[in-house]
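[1] Sequence and predicted model, in that order:
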Amino acid sequence: MQGNMHGKVLIVDDEPNALKVLAAILREEGYTVFKAVDVAEAEHTLGKEDIDTVITDMKMPAKDGMQLMEFMAERYPDIPVIFLTAYGSVDSAVHAITRGAFYYFIKPPDYLKLKGILARAVEQRGLKREIEALRRRIPGGTMVRIVGATPAMVHIFETIEAVKDSMSSVLICGETGTGKELIARSLHYGSVRRDKPFVAVNCAAMPRELIESELFGYEKGAFSGAFSRRIGRFEEAAEGTIFLDEIGELEIPLQAKLLRVLQEKEIERIGSNKKIKVNFRLISSTNRNIPAEIAAGAFREDLYYRLNVVQIQVPPLRDRREDVPLLVAELVREYGAREGKALKIDDEVMKAFLSYNWPGNIRQLGNVIERAVVLAKKDRITVKELPDDLKHCAVAEEPRPQVRTLREVEEEAIVTALEESSGNKSQAAKLLGISRKALYKRLSEME
């Protein structure tokens, strides 16, 4: 059985024989075991290795086991800690458990029980990591499918289907709020990489001084505040997809580093000269006119060609108004399900949605509908639930009179005149301003 299948365990104990015996037992179980004789060495190992569980003695020279657990609670809160001590007492056990320890053993332990507790601890850490990965994949816990039936959207669906399994880079262009990240997620979760990580990085939302360390990671001590090693987003996306949202916000020096990563498929953490091979699929997006940025000297032309192997242009909502009813229905269904409401849309509301210009695109439409669903008191969304700027669009227009033919107007006048004269044709002709003979002719033509 391969060690990594059972996880990595760090044993901390100042007694060499105790370390040796427990390490041998756990290696036989398939664990990868690291040893430390004091807290300082344990902290060093935690900074280098991705440890799944720590088993530590309580009393040791210098810092003790409780101080190690306090250090881990601050830096590595998801790693379970199991205490193993020869100086146990009820008070110390209670104290450790209430401070967050996973379990507490008195030496010599029941090794069968210890192995069972350790397996649960490693499993718990794995579950926490999976949950965190799912949260990253599905921000907010919901996923909205791409909706649209206009030719532009049909073309996008066809492009997604054609390139989803390719390793070629994709650049998604469009205004803010048009759903570029949703398209990136569709490319990933519809592909053969769907079970691998999807890592999204918003280049516009991240401080410039942090984005390099966020993308490439860093080693312990690489800069002030680098207390431990951290892998970057490219490494997190290994075998999966990394989505660089608003890539036009990257500064020129970082663009050069990104270009090298795309060419070589390898990264260097900050504070290290070691090159690490990483296999990933890159999808990026921008709301900027990148060719204009190149002309202005704000974006590298060679990087643009690397990113723009396949381009998807997402239209603004005002250019696909025919899709508004579909989007509204989908969003009302989604938010209605969340709020436990089954709602219909008043005609005036839909009229407002169709005439509004939507400068914030689908994101703005979603916010408006979420607000309306929350505020709706009965089974309908009415104009009352709309923001003021949309209420103005809901004012009903006066119906324009329908154009009628001259023959229709003439026949209606004759019928009215006959009704007014109780069928007296001479009197009706006089009301119409025509001769009695002319009235008879018109009546014969109407028959």
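    Looks like it came in fine. A quick note: this is a predicted structure, and the numbers were derived from the prediction, not measured.
[2] helices and strands around the longest helix along the chain, which ones?
    Identified as the longest helix of the chain according to DSSP state H is helix 111-137. Applying 3 or more Cβ pairs under 8 Å, 6 or more residues apart in numbering; DSSP states H and E, one finds that helix 111-137 contacts helix 16-28, strand 53-56, strand 81-85, strand 103-106, strand 198-202. Just so you know, the C-beta spots here come from the backbone N, C-alpha and C atoms, and that holds for glycine as well.
[3] where do the strands sit along the stretch 301-447 of the chain?
    310-313, 344-345, 380-381 (DSSP state E, counting those that start in this stretch).
[4] out of those strands, nearest to residue 118?
    In terms of Cβ to Cβ, the element of those nearest to residue 118 is strand 310-313, at 47.7 Å.
[5] Pretty sure residue 194 sits against residue 185.
    No. Residue 194 is beyond contact range of residue 185, at 10.2 Å (criterion: Cβ atoms under 8 Å).
[6] Tell me which of these two has more neighbours.
    Using other Cβ atoms under 10 Å as the criterion, residue 194 and residue 185 rank with residue 185 on top: 22 against 13.
[7] pLDDT at the residue nearest to the more buried one when sequence neighbours are not counted, what is it?
    Sequence neighbours aside, residue 198 is the residue nearest to residue 185 in space, at 6.5 Å (criterion: Cβ to Cβ, 6 or more residues apart in numbering). Residue 198 is assigned a predicted lDDT (pLDDT) of 92.
[8] try the one 10 residues further on
    pLDDT, the model's per-residue confidence, is 73 for residue 208.
[9] quick one on the thing from earlier: quick check: angle from the longest helix of the chain to helix 16-28?
    60 degrees (axes from the mean of the first three to the mean of the last three Cα atoms, to 10 degrees).
[10] if you average pLDDT over the following helix or strand past helix 111-137, what comes out?
    Later in the chain than helix 111-137, the nearest helix or strand by DSSP states H and E is helix 151-163. For helix 151-163, mean pLDDT is 93.
[11] Could you do stretch 94-110 as well?
    For stretch 94-110, the per-residue pLDDT averages 80.
[12] Can you name the residues bridging to the residue nearest to residue 185?
    residue 241 (DSSP bridges).
[13] Residue 181 versus that one, what's the distance?
    10 Å (Cβ to Cβ, to the nearest Å).
[14] Can you mark which positions in the helix-or-strand element of the chain with minimal mean pLDDT are buried?
    Lowest mean confidence among the helices and strands of the chain (mean pLDDT, DSSP states H and E): helix 90-98, at a mean of 71. Neighbour-count burial for helix 90-98 flags 92-93, 96 (criterion: 16 or more other Cβ atoms under 10 Å).
[15] possible to save the strands of the stretch 301-447 of the chain as TSV with mean pLDDT?
    Formatted as TSV, the strands of the stretch 301-447 of the chain follow (pLDDT from 0 to 100):
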stretch	mean pLDDT
strand 310-313	97
strand 344-345	88
strand 380-381	91
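[16] Give me whichever of those strands is most buried.
    strand 380-381 (a mean of 18; mean count of other Cβ atoms under 10 Å).
[17] For that one, name the packing helices and strands.
    strand 344-345, helix 361-375.
[18] Is it correct that residue 171 falls within a strand?
    Yes. With DSSP: H, G, I helix; E, B strand; the rest coil as the criterion, residue 171 is assigned to a strand.
[19] picking that back up, tell me what the least confident helix or strand of the chain is packed against?
    helix 65-75, strand 81-85, strand 103-106.
[20] What's the local residue count around residue 256?
    Neighbour number of residue 256 under other Cβ under 10 Å is 13.
[21] For residue 232, which residues are in contact?
    For residue 232, the contact set (Cβ atoms under 8 Å, 6 or more residues apart in numbering) comprises 213-218, 267, 269.
[22] Give me the neighbour count for the closest residue to it other than its chain neighbours.
    Of all residues not flanking residue 232 in the chain, residue 217 sits nearest, at 3.2 Å (Cβ to Cβ, 6+ apart). Neighbourhood size, residue 217 [other Cβ under 10 Å]: 23.
[23] Over to residue 243?
    Residue 243 has 26 neighbouring residues, counting by other Cβ under 10 Å.
[24] before we move on, what about residue 129?
    13.
[25] separation between it and residue 197?
    11 Å.
[26] For the closest residue in space to residue 387 that isn't next to it in sequence, which residues are in contact?
    Distances taken as Cβ to Cβ, 6+ apart place residue 368 nearest to residue 387, at 6.4 Å, with adjacent residues excluded. Shown in contact with residue 368 (Cβ under 8 Å, 6+ apart): 386-387, 390.
[27] Check the offset of stretch 415-426 from the chain's centre.
    74 Å (Cα atoms, centre = their mean, to the nearest Å).
[28] ok, residues contacting it?
    427-429, 431-432, 436, 439-440, 443.
[29] neighbour-wise, which of those leads?
    Counting by other Cβ under 10 Å, top hit in the contacts of stretch 415-426: residue 428 with 23 neighbours.
[30] In the stretch 201-350 of the chain, mark out all the helices, start to finish.
    208-216, 233-236, 252-264, 290-295, 301-307, 324-339, 347-355 (DSSP state H, counting those that start in this stretch).
[31] What distance do you get for residue 279 to residue 185?
    Distance from residue 279 to residue 185, by Cβ to Cβ: 20 Å.
[32] Is it correct that residue 255 is in contact with residue 303?
    Yes. Contact criterion Cβ under 8 Å: residue 255 and residue 303 qualify, at 5.2 Å.
[33] So for those two, which residue has more residues nearby?
    residue 303 (21 against 17).
[34] Now do the contacts for that one.
    Residue 303 touches 255-256, 258-259, 262, counting by Cβ under 8 Å, 6+ apart.
[35] Among those, find me the one that's closest to residue 36.
    Once Cβ to Cβ is applied, the member of those that ends up nearest residue 36 is residue 258, at 37.8 Å.
[36] count of neighbours near that closest one?
    24.
[37] So which of the helices and strands packed on strand 380-381 is nearest residue 10?
    Using Cβ to Cβ, the nearest of the helices and strands packed on strand 380-381 to residue 10 is helix 361-375, at 45.2 Å.
[38] remind me which residues of the protein are low pLDDT?
    For the chain, residues meeting the criterion pLDDT under 70 lie at 1-5, 88, 90, 98, 130-145, 394-403, 447.
[39] rewinding a little: which one of the helices and strands packed on strand 380-381 is the most hemmed in?
    Most buried of the helices and strands packed on strand 380-381 by mean neighbour count (mean count of other Cβ under 10 Å) is helix 361-375; its value is a mean of 19.
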